[in-house]
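Student: Test case, fold it:
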Amino acid sequence: MAELVIQSSNGNDVTTSLIVAQVFGKEHKNVLRDIESLSCSEDFNRLNFERITYKDARNREQTAYEMTKDGFSFLVMGYTGSKAGEFKERFINEFNRREALLKNDDYILMRSQQILQKRIEIAEQKIKQLEDKNAKQEPYVLFAKTAFKAEGKVDIGQAAKILGLPFGRNTLFKKLREMGVFFANRNEPKQKYIDAGYFEMTLLPPIHRDNHPDIICQKVLCNPKGLAFINFMFGGNPPENKLSPIV
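Tutor: Take a look at the predicted model:
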């Protein structure tokens, strides 16, 4: 039997119309019809059902739905048959089991790490898609480079301000460390993010001290592509005509 409850891309426990169709022995098109004809309020539908896409066996993009526990319960309320009650109980028990796990600190930490990692992977995929698209639209790429040329690279504090994030420099450093973009024990990006062109390190002018060696410090600079990456990760609101959000 299929896994009854899965984790969505934003970390919520959901099931899908595909899983429901498989378990209840229904054609997927009929489950889609049932969902789209539910007599629930617009608010309930928006909160408990989300349209998604998937690739079928012939690599064609098709529509499906993710649904919460409440959405599932509403959908299958009218499903009948010798096995329908058993299947409903299995789904609801699995939702309840996973909800109970959210009281376990170790499980919460694991889920948080999974969600953060997933967001990083999605951000990197989106940026890769954007780069591929820009490679085919050279005039747009040149325009984007020109638009950023005036401001150039910015430090982490400036990046937070430009993107309109609800926190400042220190919190942004902390969140980037927690996400694994920066090293856990220092405010420095990992090499793969430097190689990707998101960030770079620069030496500051040395601090001279009498009778002591000069102090040499490095500073993290955020490139335009890094601004796009941070914007996607934290939902910043970039200034008009300066940075396009990744969608």
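Student: Let me see the ranges of the helices in the protein.
Tutor: 17-24, 28-36, 42-48, 69-76, 84-101, 105-135, 138-149, 156-162, 169-178, 191-195, 224-234 (DSSP state H).
Student: Tyr54 is nearest to which of these?
Tutor: With C-beta to C-beta, the closest approach to Tyr54 among those belongs to helix 17-24: 7.1 Å. In this view, the C-beta of every residue, glycine as well, is placed from N, C-alpha and C.
Student: Compute the mean per-residue pLDDT across that closest one, please.
Tutor: Across helix 17-24, the average pLDDT comes to 93.
Student: how much distance is there from that helix to the middle of the chain?
Tutor: 26 Å (C-alpha atoms, centre = their mean, to the nearest Å).
Student: in that helix, what's buried?
Tutor: Ser17, Leu18, Ile19, Val20, Ala21, Val23, Phe24 (16 or more other C-beta atoms under 10 Å).
Student: roughly how far apart are the fifth one and Asn185?
Tutor: With the distance defined as C-beta to C-beta, to the nearest Å, Ala21 ends up 48 Å from Asn185.
Student: go on, the second one?
Tutor: Taken as C-beta to C-beta, the spacing of Leu18 relative to Asn185 amounts to 43 Å.
Student: what does the third one give?
Tutor: Taking C-beta to C-beta as the measure, Ile19 and Asn185 are separated by 42 Å.
Student: show me what contacts Asp13?
Tutor: By C-beta atoms under 8 Å, 6 or more residues apart in numbering, Asp13 lies in contact with Val5, Ile6, Gln7, Thr68, Lys69, Phe95, Arg98, Glu99.
Student: Beta-bridge partners for it, please?
Tutor: Gln7 (DSSP bridges).
Student: Quick one, grab the pLDDT at it.
Tutor: With respect to pLDDT, Asp13 has a value of 88.
Student: What is the least confident helix or strand in this protein?
Tutor: Ranked by mean pLDDT, DSSP states H and E, the helix or strand of the chain with the weakest confidence is helix 138-149, at a mean of 42.
Student: ok, the residue sitting nearest the centre point of the chain - contacts?
Tutor: Centroid-nearest residue in the chain: Arg119, 3.2 Å away (criterion: C-alpha atoms, centre = their mean). Contacts for Arg119 (C-beta under 8 Å, 6+ apart) come out as Met179, Met233.
Student: between the contacts of Asp13, which is nearest Leu221?
Tutor: Using C-beta to C-beta, the contacts of Asp13 come closest to Leu221 at Gln7, 35.4 Å.
Student: Can you report how many residues neighbour that closest one?
Tutor: 14 (other C-beta atoms under 10 Å).
Student: which sections of this protein are below the confidence cut-off?
Tutor: Counting by pLDDT under 70, the chain shows low-confidence ranges at 1-2, 105, 107-109, 111, 134-152, 204-210, 212, 214-217, 235-247.
Student: How is it divided into domains?
Tutor: 6-103, 118-234 (automatic domain parsing).
Student: could you dump these to TSV with distance to Ser112?
Tutor: Below are the domains of the chain laid out as TSV (distance: least, C-beta to C-beta, whole Å):
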stretch	distance to Ser112
domain 6-103	8
domain 118-234	9
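Student: Select, out of the ones you listed, the one closest to Met110.
Tutor: domain 6-103 (9.4 Å).
Student: Farthest from the middle of this protein: give me that residue.
Tutor: Asn211 (51.1 Å).
Student: got a list of what that one touches?
Tutor: Asn211 neighbours (C-beta under 8 Å, 6+ apart): none.
Student: Run a quick neighbour tally on the residue nearest to Asp56 when sequence neighbours are not counted.
Tutor: Among residues not flanking Asp56 along the chain, Gln62 sits closest, at 5.0 Å (C-beta to C-beta, 6 or more residues apart in numbering). Look at Gln62: counted by other C-beta under 10 Å, it has 14 neighbours.
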